[in-house]
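Asks: predicted model and sequence below, questions to follow.
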Amino acid sequence: MLAPALLCAHLLLAAPASRAWPGAAPDEPGPGAVAAQLSDMHDKVTAIWQQLTQRAAEPGAPGSALHAACRVQPSASLDAAQPRVSGLVLFRQPAPGAPLEAFFHLDGFPAERNGSRRAIHVHRFGDLSPGCEAAGPHYNPRAAPHPQHPGDFGNFAVRDGRVRKHRGGLAASLAGPHSIVGRAVVVHAGEDDLGRGGDPASLDHGNAGRRLACCVVGVCGPLPWERAAREHAERRKRRRDSDCEAA
């Protein structure tokens, strides 16, 4: 892990240092040129980092998979009338650069009609001490419009006050310069409009409403994921058996 950091530092030191301050020489690059150089440098360092880590951990190799857990707790800033949502979010990535998958196991949503949907996103900071508001805005390292942020997980159907969902192909990562480890997962009170709301907030956070619960993503071993995968397989089997009996 040290090699990418040293490489990044070397490239940053080698880049032009000019910032077009007042009084700078006329031939020095302006702010636009400096921004373009930094963006190009970022892309190159990211590509090199991914090549190094992928060579070190090919998918399927023993110990190559990355795992993380996020234990969801109600926001400390909620009033007594708000639902107390809690649970567990588990992540697995077969290798750096591979698609991320996750289990979302949440309880405590209000008893309402089945089919209501709640948004879940990754936010920038892992600071939850005064409540989920301290997690900051969506984690958006490339300044992309919502819902193209790495942790825009979308909406989740609530049934009987619970969310039980497995999702694969997520754009977020547990490794690399855009890792979500140490950042917050936030459960919202409303549904994400997926950038179609027609107002600036829609392209920022999807108008998903108040932050009900949150947690900080932390690295863990494979056992929690393996337990969740077994339970998920058993639930699917019971559902298939039930459908067969009903038919």
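Replies: Nice, I can see it. The structure displayed is predicted, hence computed values, not measured ones.
Asks: so what's the residue most central in space within the chain closest to, chain neighbours aside?
Replies: Nearest to the geometric centre of the chain sits G151, at 3.0 Å (CA atoms, centre = their mean). Nearest residue to G151, sequence neighbours excluded (CB to CB, 6 or more residues apart in numbering): V122, at 2.2 Å. In short, each C-beta sits where N, CA and C put it, glycine included.
Asks: dump the residue contacts of the one you found.
Replies: By CB atoms under 8 Å, 6 or more residues apart in numbering, the residues touching V122 are 138-139, 149-153, 172, 180, 183-186, 217.
Asks: before we move on, what about P130?
Replies: If you count contacts by CB under 8 Å, 6+ apart, then P130 has A76, S77 around it.
Asks: hmm, try it at 10 Å
Replies: Counting by CB atoms under 10 Å, 6 or more residues apart in numbering, P130 touches S75, A76, S77.
Asks: out of those, who's nearest R239?
Replies: Checking the contacts of P130 against R239 with CB to CB, the nearest one is S75 at 32.5 Å.
Asks: the closest one touches H123, doesn't it?
Replies: No: using CB atoms under 10 Å, S75 is not in contact with H123, being 11.9 Å away.
Asks: which residues are in contact with each of these two?
Replies: Common contact partners of S75 and H123 (CB under 10 Å, 6+ apart): C132, E133, A134, A135, V186, R211, C214.
Asks: H205 and H149: what is the separation?
Replies: The gap separating H205 from H149 is 9 Å, by CB to CB, to the nearest Å.
Asks: swap in E112?
Replies: According to CB to CB, E112 stands 28 Å off from H149.
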